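Trainee: With the input below, show me the fold.
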Amino acid sequence: MTDFSGSAQSWSLVAFFAVVTVTLLLCVMTGPDHDDLDEFYTGYRSLPPMRNGLAIAGDYISAATVLTIGGVIALCGYDGVVLALSTLLSLVLLMFLLAEPLRNTGRFTMGDALARRMPGRAVRITTCAVTIASLMPMMLVQLASTGQLLAYILGFSGSTMETGCVIGVGALMISYAAIGGMKGTALVQILKMVMLLGSGAVVTVLILRSFGWDLGALFGAASAGSGGGSAFLRSGLQFAGGPHPELDMISSQFAIVLGGACLPHVTMRMFTADSAGQVRRAMSWAVSSVALFVAIITVVAVGAAALVGRAGLTAADPRGHTAYLLGSRAALGPHLSRAETLLFTTVTTAIFLTLLASVAGMILACANSLAHDVFGSRDKPLAPRREMGLARVCAVVVGLPAILLASLVQDRSLQPLATVSFCLGASAIAPALVYSLFWRRYTRTGLLCTLIGGSVTVLLLMPGTRLVSGTPMAAFPDVDFNWFPFTTTGLVSIPVGFAFGWLGTMLSGRRSLDRQRKEYEALEGRILAGPERRIK
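Mentor: Numbering: from 1, shown residues only. The predicted model follows:
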């Protein structure tokens, strides 16, 4: 019931090339025609709330989200469901706490938002460095997963074919970002979300129907098929091999909740809304879409554990990354009708789009930050034509190393890379945003200490985790330099990131503190309520 040969594989191949053609045409047709930075960076803020919300959800739901969360739910049950709910909670936190102030203070990049109170090239360059450091590992995860997944679905074998898939898809991602800009990538994200939610909802209905619409029967069959028994339905299975499983889970949840929605490719979408009201409505659509996806992936992944079993899931991928696909295929039965073949093709196409769109958004965020924050913020500003051309060149500059590195790491565990991204978002970016948007006395020194100190802490601690060495599922399973007791760094690095910001601010001196307080009070109305609108 999980065979991908025959008509399903052929139609998946046809769908892949059709999706590539259509999305490239969309980017060409909707890309900026003029040398206008607002058009390239924000698409003139012309998307209505529903479409903008779907684009935000599309950027937020990456391929790593679909593959990793699906695998954890299928193999670990309860812990995976908590992980999925944590991703939703992260977006809710962004919606209620940061979305409107970000939109009110930023223009094109996160550097704009942070430099609103504390202008200067040091702030912008540091923000750009943290942006690239937080998104590059996630890009490697997406691209390497692309090679593995395409090779699996399309029947390719060997690392050479996987590398070819990585290079081909990476070139497409660079094209999307460079040609389409913000509006072009947004349309790709919208198409991805429509197909992902639509096909997933149908598969969910089929799985529930096969178990008589009884969730208890579904979870019971999954616990039996998972090999974990009743532990599948309780907390602790995911981190059972660690010395402190409960604290390890708390650390992971903190990293996801605080880091997921603060990553720059997600926050940049806040700048595409035309007003505070628009960003509120867009975020409502985004949260609703992600909530629906969480329900879908939970049922499909649990269905994979019930219908395929742990042995079948780990045979396809030891970490269960193909659980979403295997669950969808198993829900259709052993023999596919024409309609069922079309449905499964839609599922694989949605996964293709997820892979394509996720990396494009991340490349765009890095390229925009390089062009606008590093080169466009000099004493002599660049002309709009030159800055836009530079942003397109930066997409290539960011994308090519990502393709090369993804080709090198595709045969290793990718979980440490995804974890680094979330931990950097939670330990450096989240404290910087919270302090700069809401703390009156926050200074430039405090901001730099937050960004640099939080990032360095994560990068120093992460090599010592179980994800990197010391376990069979680690990136380097044959060596053991594991000294840090948790899987993620969040429990230590998040408080340290906030502490660095506080300490740097306190060491800035009373004059600097008083000056920042007065400057914040002058901007407080704009940060919290947005710029005043003139009455015509």
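Trainee: On the three-state scheme, the nearest residue to residue 180 once chain neighbours are set aside is what?
Mentor: Nearest residue to residue 180, sequence neighbours excluded (C-beta to C-beta, 6 or more residues apart in numbering): residue 27, at 3.2 Å. Every residue, glycine included, has its C-beta placed from N, CA and C. Secondary structure assignment for residue 27 (DSSP: H, G, I helix; E, B strand; the rest coil): helix.
Trainee: what's residue 27 in contact with, if anything?
Mentor: By C-beta atoms under 8 Å, 6 or more residues apart in numbering, the contact list for residue 27 reads 175, 176, 179, 180, 184, 185, 187, 188.
Trainee: Scan these and report the most crowded one.
Mentor: Using other C-beta atoms under 10 Å as the neighbour criterion, residue 185 leads the contacts of residue 27 with 33 neighbours.
Trainee: thinking again about what came up before, with residue 58 as the reference, measure out to the residue nearest to residue 180.
Mentor: In this view, residue 27 and residue 58 are 14 Å apart by C-beta to C-beta, to the nearest Å.
Trainee: and if you look at residue 484?
Mentor: For residue 484 relative to residue 58 (C-beta to C-beta), the value is 34 Å.
Trainee: Comparing those two, which residue is more hemmed in?
Mentor: Taking neighbours as other C-beta under 10 Å, residue 484 and residue 58 compare with residue 58 leading, 29 against 18.
Trainee: ok, the more buried one - contacts?
Mentor: 186, 188, 189, 190, 192, 193, 357, 361.
Trainee: low-scoring pLDDT stretches of this structure, where are they?
Mentor: 1-9, 31-36, 39, 43-46, 152-158, 379, 530-536 (pLDDT under 70).
Trainee: how about a cut-off of 50?
Mentor: 1-2, 534-536 (pLDDT under 50).
Trainee: Pretty sure residue 308 sits against residue 327.
Mentor: Yes. Counting by C-beta atoms under 8 Å, residue 308 does reach residue 327; the two are 6.9 Å apart.
Trainee: Out of the two, name the residue with the larger neighbour count.
Mentor: residue 327 (29 against 24).
Trainee: helix or strand for residue 238, which one?
Mentor: Using DSSP states H and E, residue 238 sits within no helix or strand.
Trainee: How much space separates it from residue 281?
Mentor: 36 Å.
Trainee: Repeat that for residue 478.
Mentor: From residue 478 to residue 281 the distance is 52 Å (C-beta to C-beta).
Trainee: Settle it for me: which of these two has more neighbours?
Mentor: For residue 478 and residue 281, the more surrounded residue by other C-beta under 10 Å is residue 281, and the numbers stand at 17 against 7.
Trainee: Point me to the helix or strand that includes the more buried one.
Mentor: Assigned by DSSP H and E, residue 281 falls in helix 276-307.
Trainee: ok, how many other residues are close to residue 340?
Mentor: 16.
Trainee: Please, which helix or strand holds it?
Mentor: helix 338-369.
Trainee: between that helix and helix 276-307, how many degrees?
Mentor: 130 degrees (axes from the mean of the first three to the mean of the last three C-alpha atoms, to 10 degrees).
Trainee: Tell me the buried residues in the next helix or strand along the chain from helix 338-369?
Mentor: Sequence order places helix 384-409 as the next helix or strand after helix 338-369, per DSSP H and E. Residues of helix 384-409 classed as buried: 384, 387-388, 390-392, 394-395, 397-399, 402-403, 405-407, 409 (neighbour count, 16 or more other C-beta atoms under 10 Å).
Trainee: buried ones in the next helix or strand after helix 384-409?
Mentor: Using DSSP H and E, the helix or strand that directly follows helix 384-409 along the chain is helix 415-424. By 16+ other C-beta under 10 Å, the buried positions in helix 415-424 come out as 415, 416, 417, 418, 419, 420, 421, 422, 423, 424.
Trainee: and if you look at stretch 208-223?
Mentor: Buried-residue list, stretch 208-223, by 16+ other C-beta under 10 Å: 208, 210, 211, 218, 219, 220, 221, 222, 223.
Trainee: ok, back up a step: just the contacts of residue 58: which are in helices?
Mentor: Judged by DSSP state H, helices contain the following of the contacts of residue 58: 186, 188, 189, 190, 192, 193, 357, 361.
Trainee: Would you show me how to pick out the buried ones of those in ChimeraX?
Mentor: Applied in ChimeraX, the following selects the buried portion of the ones in helices among the contacts of residue 58 according to 16+ other C-beta under 10 Å:
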select :186,188,189,190,192,193,357,361
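Trainee: all helices of the stretch 151-300 of the chain, in order?
Mentor: Counting by DSSP state H, counting those that start in this stretch, the stretch 151-300 of the chain has these helices, from start to end: 159-175, 181-210, 215-226, 245-259, 264-267, 276-307.
Trainee: From the contact counts, what lies against the shortest one?
Mentor: So that's helix 264-267. helix 49-60, helix 110-115, helix 121-154, helix 338-369 (3 or more C-beta pairs under 8 Å, 6 or more residues apart in numbering; DSSP states H and E).
Trainee: how about those helices in TSV, adding distance to residue 270?
Mentor: Below are these laid out as TSV (distance: least, C-beta to C-beta, whole Å):
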stretch	distance to residue 270
helix 49-60	8
helix 110-115	9
helix 121-154	15
helix 338-369	12
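Trainee: Which one, of these, ends up nearest to residue 93?
Mentor: helix 49-60 (12.1 Å; C-beta to C-beta).
Trainee: in that closest one, what's buried?
Mentor: Within helix 49-60, judged by 16+ other C-beta under 10 Å, the buried ones are 49, 50, 51, 52, 53, 54, 55, 56, 57, 58, 59, 60.
Trainee: cool, and stretch 273-292?
Mentor: 273-274, 276, 278-283, 285-287, 289-290, 292.
Trainee: now stretch 222-235
Mentor: 222, 223, 225, 226, 228, 231, 232, 233.
Trainee: same question, stretch 431-446
Mentor: Applying 16+ other C-beta under 10 Å to stretch 431-446 flags 431-437, 439, 441-446 as buried.
Trainee: so can I have CSV of those residues showing secondary structure?
Mentor: Output for those, formatted as CSV (three-state DSSP):
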residue, secondary structure
431, helix
432, helix
433, helix
434, helix
435, helix
436, helix
437, helix
439, coil
441, coil
442, coil
443, coil
444, helix
445, helix
446, helix
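Trainee: between those, which is nearest residue 524?
Mentor: Nearest to residue 524 among the buried residues of stretch 431-446, with distances taken as C-beta to C-beta, is residue 437, at 10.0 Å.
Trainee: Return the distance of the closest one relative to residue 105.
Mentor: Residue 437 is 7 Å from residue 105, by C-beta to C-beta.
Trainee: what is in contact with those two at once?
Mentor: 113, 527.
Trainee: and residue 291, what is it in contact with?
Mentor: Counted by C-beta under 8 Å, 6+ apart, residue 291 has contacts residue 88.
Trainee: what do you get for residue 437?
Mentor: 98, 101, 102, 105, 113, 527.
Trainee: if we go to 10 Å?
Mentor: By C-beta atoms under 10 Å, 6 or more residues apart in numbering, the contact set of residue 437 is 97-98, 100-102, 104-105, 113-114, 116-117, 520, 527-528.
Trainee: Next step: those restricted to strands.
Mentor: If you go by DSSP state E, the contacts of residue 437 have nothing in strands.
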